[in-house]
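**Q** after the sequence you'll find the predicted model.
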Amino acid sequence: MLRFEDEALTSTSETSTLPTERTSAAHESEELTVKGIVFNLLEDFIIDGWGDEAFEDILSLCPLETKEPFVGPGTYPDTDLFTIATQAANKLGVPLSDALRAFGKYALPKLLKKYPTFLEGHTDARSFLESVDGVIHVEVRKLMPKAITPQFTYEDSGPDGLIIRYASARKLCHLMEGMLEAVGEHFGQDLEYQQNRCLHSGDDHCEFVLKFGSVKARVA
Ligand code: HEM
């Protein structure tokens, strides 16, 4: 029996009760939580790639805190997400980092499809990425009460270059890598990245040095 109710990806009626204050994983001291939409995407990722049965097998191995179905607007413990992702990686025989990277690459186009307005005015990867911290994730926190988004700071490193510093108590830099790759693909643009600093190595942020190629053909 599925424990996930996929309303996040079909509903457009989520409304906000949250003021515009910043809620960042980097500064969160209480238990971290993740929105149901992310659980729904993870379910879709596993089922699209490996089928319903694989998903059920994975879920049966997960000692989850959450007993009720995951619904898009709901908020659930981070630990449940990591438990499912870790079991999925084990079952598929890949390191968790690879599974998270693949999940990020899968999830971003789905998010773009659900929230097409976030693409408005952007014709290249750089301009879109520069809007994530100050526009997209701000709106996400308004639309989804209790959402905790990462913190990005940006440094211009020339016409083809941008440095993004990522900070989050969740240390999901591998997810971030997959999302960066998906952004490049969406805009039909070569996007190379190199990671210099990493939260997993004790740094207080991950540093992504990006280099953009020219826009070739945009993916619809
Ligand atoms: C349509 C565009 C986007 C939407 C709607 C969106 C939405 C979200 C949502 C809902 C979460 C989970 C928050 C929670 O569960 O509390 C999240 C987390 C995250 N987002 Fe975005 N996002 C978008 C674009 C991006 C892009 C382009 C990047 C990076 C290249 C990015 C990086 C991340 C990361 C790394 C997390 C994981 C949370 C963490 O590290 O603490 N997002 N985003």
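**A** Thanks, I have the structure now.

**Q** buried residues in the longest helix belonging to the chain, which are they?
**A** Counting by DSSP state H, the longest helix found in the chain is helix 96-114. Neighbour-count burial for helix 96-114, counted by 16 or more other Cβ atoms under 10 Å, picks out 99-108, 110-112, 114. Bear in mind the C-beta positions are built from the backbone N, C-alpha and C, glycine included.

**Q** stretch 163-178 too?
**A** 164-178.

**Q** next: stretch 56-64.
**A** Buried, per 16+ other Cβ under 10 Å, within stretch 56-64: Ile58, Leu59.

**Q** who's in contact with stretch 165-176?
**A** Residues outside stretch 165-176 that contact it (Cβ atoms under 8 Å, 6 or more residues apart in numbering): 24-26, 28, 32, 78, 96-98, 100-101, 103-104, 107, 150-155, 195, 197-200, 204-208.

**Q** send the alpha carbons of that stretch over as CSV?
**A** C-alpha atoms of stretch 165-176 as CSV (Å, rounded to 0.1, in the frame of the first residue of the first chain):
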residue,chain,number,x,y,z
ARG,A,165,28.0,29.2,-1.9
TYR,A,166,25.5,26.7,-0.5
ALA,A,167,24.8,26.5,3.3
SER,A,168,22.4,24.1,4.8
ALA,A,169,22.3,21.9,7.9
ARG,A,170,21.1,19.2,5.6
LYS,A,171,24.3,19.1,3.6
LEU,A,172,22.5,18.2,0.4
CYS,A,173,25.2,19.3,-2.0
HIS,A,174,24.8,16.1,-4.1
LEU,A,175,21.2,17.0,-4.6
MET,A,176,22.3,20.5,-5.5
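
**Q** anything in it near the ligand?
**A** Yes: Stretch 165-176 is in contact with the ligand by Cβ under 6 Å from any ligand atom, via Ser168, Arg170, Leu172, Leu175, Met176.

**Q** same deal with stretch 101-114?
**A** Yes: Stretch 101-114 is in contact with the ligand by Cβ under 6 Å from any ligand atom, via Leu111, Leu112.

**Q** ok, stretch 50-68 next?
**A** No: taking Cβ under 6 Å from any ligand atom as the criterion, stretch 50-68 and the ligand are apart, separated by no less than 13.5 Å.

**Q** and stretch 200-215, by the same measure?
**A** No: among the residues of stretch 200-215, none lie within reach of the ligand under Cβ under 6 Å from any ligand atom; the closest is 8.5 Å away.
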